[in-house]
Structure formats: C-alpha cells, structure tokens
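In: Whatever this is, show me its structure:
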Amino acid sequence: MAIHPAAIVDAKARIADSAEIGPYCVIGPGVSIGERTRLMAHVFVDGDTEIGDDNLFFPYSTAGVAPQDLKYAGEASSTRIGHRNKIREFVTIHRGTQGGGMVTQIGDDNLLMAYVHVAHDVRIGSHTVLANGVTFAGHVIVEDWAVIGAFSGVHQFCRVGRHSMTGGYSVITQDILPYSMTVSPRESKVFGANKTGLERRGFTAEQIDALQKAFRLLTKSGLNTAQAVARIEAEGLVTDEVAEMLRFLRESGRGVVK
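Out: As a prediction, this is how the structure comes out:
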C-alpha cells in the first residue's frame, strides 16, 4: 500500500492495497478507498465516505465534509463516489443530510473540474462533465452524460436532464430538459436539441430531428405547454427520446426552462 509518510490516515480507514495516498492527505476513520484510486496530495476525506476504484483526486480537493446546511445536526450521513472519476483541484463534495436522503452520490466516469462544489444530497450520474466553478446547491439531480459550462450555478431541487448541454455562466433555477442545449445568462432559454453532443453519442438523424421539432413546438410556437404537448403527440413526433422528454416535463416539480 503506497501511503506517503507525511499523510495522516486513521487506523480505522479501509484502504485498498493498490490505492495511493500522497503527502499531506488526511483520511478519517469512516473512509473506504478502492483499488488503484490515487489521492495526489493535500486531499481531505472525512465522514462515512466510500470511494470506488480508479479515481484520481487532485490536490486540495475534499470529500465527505460536513454540509453547509444550517439544519445539519451531525447526523451520520454519507458520501458515495463510484469509479474512474477525476476530481480536480479545490473540488468540494459534502455529505448528505436527514432532509435529503442522507447521502451525496457521484456515479462513474465523471470529470469535475477545478472549484466544482457538490453540496449536500446532490446526486450526479455517470459520464458527466462539470466545468470549472460549477456550483450545485443541495438536493440537485444531474443525470447521465450532462455537460455544464464553467461558473454555472444550479438552484436547490433542480434536475439536469441527461445528454443536455448547459452553457457557461448560466443561472439555473428550473429543471434543464434532457437532450437540450440551454444557456441562461440571466433568463433561462432553450435553443433546441443538443445536436452536436447527440451526434457524438450515436443518435441518428431521425432521433435528433424529432427532438428538434418537439423543442420548436415547446419553445417557439406560441403554444402553452399543454397545447404544445398535444401537437407533438398529434404530429407523431413521440420517439423514445421525445417520450422521455415529455415524461420529464410531467414529473418536474419546479417547471422546466423553455
């Protein structure tokens, strides 16, 4: 086990034999670190925190730290981080709270660039890219393959749909539709389907065209949401992807960005 002599690792922590703990890292007693995960230097991990295999933590990042929620009363909540994630400098990942399911969770194959903040009870899927300075308030859900541009802020209880692209410096106060390309400098707006991203992931021209037509009806037709949904269904545009988008609309608690 490669633990630098300048690291402080609690005797109760569970560290895989192939993991690497660099100088000046501090690892608490409730921490579990999987195979081949590397903490480069000056990484602080605390609480009931489980980290999977093949993750890379860059200097000055933290995971499992107590949340900033003033309602947090020291309850034994947890943090769960999957496999093959890259956690860049100064990323902060806070553990869950009683009011949000008691767990903050990150899936697999994600890139969290420098200064990303993952607050209490946030759930991030897999294959996401979160650019520098992206900030999540508590209870946010980020679905698979979402990309969020630099210095964007996401309000509590919002959901970011899968395969979406959110432009930098966006202020997100409502849910981001799956498959969409959304920019919100002051007022959130949808600019249509995330065409380039979907093409890169193997979606067909027919799938993307149906999404584009559905987005036009939702955002540019002058119809209200119920009327637009009726038109989408009447015009036979309900592919699997459009059906997922309509289901997302129906389930949204805060409304969606249009």
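In: Does anything pack onto the lowest-mean-pLDDT helix or strand in the chain? Which helices or strands?
Out: Least confident helix or strand, the chain: strand 189-193 with a mean of 82, by mean pLDDT, DSSP states H and E. The contact analysis (3 or more C-beta pairs under 8 Å, 6 or more residues apart in numbering; DSSP states H and E) places strand 189-193 against strand 180-183, helix 205-219. The C-beta positions use only the backbone N, C-alpha and C, and glycine is treated the same way.
In: The first one pairs with which strands, parallel or anti?
Out: When pairing is defined by DSSP bridges, strand 180-183 lines up against strand 165-166 (parallel), strand 189-193 (antiparallel).
In: mind listing what's buried in the longest one?
Out: Under the neighbour-count criterion of 16 or more other C-beta atoms under 10 Å, strand 189-193 has 190, 192-193 buried.
In: Check stretch 15-35 too.
Out: The neighbour-count check on stretch 15-35 (16+ other C-beta under 10 Å) flags 15-16, 19-22, 24-28, 30-34 as buried.
In: ok, those residues vs Val129, which is closest?
Out: Gly34 (22.2 Å; C-beta to C-beta).
In: From what I see, that closest one and Ile81 are in contact.
Out: No - using C-beta atoms under 8 Å, Gly34 makes no contact with Ile81, being 9.2 Å away.
In: Need the overlap of contacts for these two.
Out: Shared contacts of Gly34 and Ile81 (C-beta atoms under 8 Å, 6 or more residues apart in numbering): 51-52, 55.
In: Now for Ala76, how many residues are close by?
Out: Ala76 has 11 neighbouring residues, counting by other C-beta atoms under 10 Å.
In: and it, how far is that from Gly47?
Out: Distance of Ala76 to Gly47, computed by C-beta to C-beta, to the nearest Å: 8 Å.
In: Do a quick rundown of the helices in this protein.
Out: Along the chain, counting by DSSP state H, helices occupy 195-200, 205-219, 225-234, 240-251.
In: what's the most buried one of the ones you listed?
Out: Each of those was scored by mean neighbour count; the highest is helix 205-219, a mean of 19, by mean count of other C-beta atoms under 10 Å.
In: Residues touching that one, excluding its own?
Out: With contact meaning C-beta under 8 Å, 6+ apart, helix 205-219 is reached by 177, 179-180, 189-190, 192-193, 195, 198-199, 223, 225, 228-229, 231-232, 235, 237, 239-242, 245, 258.
In: Now it: average pLDDT?
Out: In this model, helix 205-219 carries a mean pLDDT of 94.
In: would you put the C-alpha positions of that helix in CSV?
Out: Backbone C-alpha positions of helix 205-219 (Å, rounded to 0.1, in the frame of the first residue of the first chain) are rendered in CSV as follows:
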residue,chain,number,x,y,z
ALA,A,205,-30.5,12.0,-37.7
GLU,A,206,-34.2,10.9,-37.3
GLN,A,207,-34.0,10.8,-33.5
ILE,A,208,-32.4,14.3,-33.4
ASP,A,209,-34.9,15.7,-36.0
ALA,A,210,-37.8,14.5,-33.9
LEU,A,211,-36.3,16.2,-30.8
GLN,A,212,-35.7,19.5,-32.8
LYS,A,213,-39.3,19.6,-34.0
ALA,A,214,-40.6,18.9,-30.4
PHE,A,215,-38.4,21.6,-29.0
ARG,A,216,-39.7,24.1,-31.6
LEU,A,217,-43.3,23.4,-30.6
LEU,A,218,-42.5,23.7,-26.9
THR,A,219,-40.4,26.9,-27.1
